[in-house]
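In: here are the coordinates; sequence isn't available:
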């Protein structure tokens, strides 16, 4: 009577197969000349090899769950990056744009500049700015709109 063992995946370096047939235990493998070899082994040896095979399988499963499968190179990390690093040229142009914006903002009246900074750089809403400065929502909106138009003219 053949005892059915579940088929196990094996590491590519595991050349042998364990089988049980009618209370007999066998070790099988392809030898160096490509000939299939099958040997009967003792139950004790079978159990040791079976435990080793199960341990090997647990290592394979751990590898699948926890370890990186691809080689981590600078190129592969660069390809995976959510935000790709900017080039030197992009950095220079961005800094030049920021510098021009800051110089243009210095030309705005104090109230427009302050409200523009609170809205765009501090993330406050018109209502929050109005509440903070003790003025109306509409006054803040008009001030920011006027500042935007003025900046557009200066930066052209």
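Out: Cool, the structure landed. These figures come from a predicted structure and were not determined experimentally.
In: which residues does stretch 32-46 contact?
Out: 18, 20, 24, 25, 26, 27, 28, 29, 30, 31, 49 (C-beta atoms under 8 Å, 6 or more residues apart in numbering). All C-beta spots, glycine's among them, are computed from the backbone N, C-alpha and C.
In: and the next helix or strand past the helix or strand of the chain with the lowest mean pLDDT?
Out: Within the chain, confidence by mean pLDDT, DSSP states H and E is lowest for helix 74-80 among all helices and strands, at a mean of 72. Sequence-wise, the next helix or strand downstream of helix 74-80 (DSSP states H and E) is helix 88-106.
In: so where does the nearest residue to residue 136 once chain neighbours are set aside fall, helix or strand?
Out: Of all residues not flanking residue 136 in the chain, residue 130 sits nearest, at 5.9 Å (C-beta to C-beta, 6 or more residues apart in numbering). For residue 130, the element it lies in under DSSP H and E is helix 126-133.
In: average pLDDT for that helix, rounded please.
Out: The average pLDDT for helix 126-133 rounds to 95.
In: output the contacting helices and strands for that helix.
Out: helix 137-155 (3 or more C-beta pairs under 8 Å, 6 or more residues apart in numbering; DSSP states H and E).
In: okay, buried residues for the helix it packs on please.
Out: Buried residues in helix 137-155, counted by 16 or more other C-beta atoms under 10 Å: 140, 143, 144, 146, 147, 150, 151.
In: what of stretch 44-58?
Out: 46, 50, 53, 56.
In: on the three-state scheme, the third one is what?
Out: Secondary structure for residue 53, judged by DSSP: H, G, I helix; E, B strand; the rest coil, is helix.
In: quick one: the residue nearest in space to the middle of the chain and residue 65, what's the gap?
Out: Most central in the chain under C-alpha atoms, centre = their mean is residue 80, positioned 6.9 Å from the mean C-alpha point. From residue 80 across to residue 65, the span is 19 Å (C-beta to C-beta, to the nearest Å).
In: hang on, residue 17 packs against residue 29?
Out: Yes - using C-beta atoms under 8 Å, residue 17 is in contact with residue 29, at 6.8 Å.
In: who's more crowded, the two?
Out: When residue 17 and residue 29 are compared for neighbours, residue 17 comes out ahead with 16 against 13, by other C-beta atoms under 10 Å.
In: ramachandran angles for that one?
Out: Note on residue 17: its backbone torsions stand at phi -130, psi 140 [degrees, to the nearest 10].
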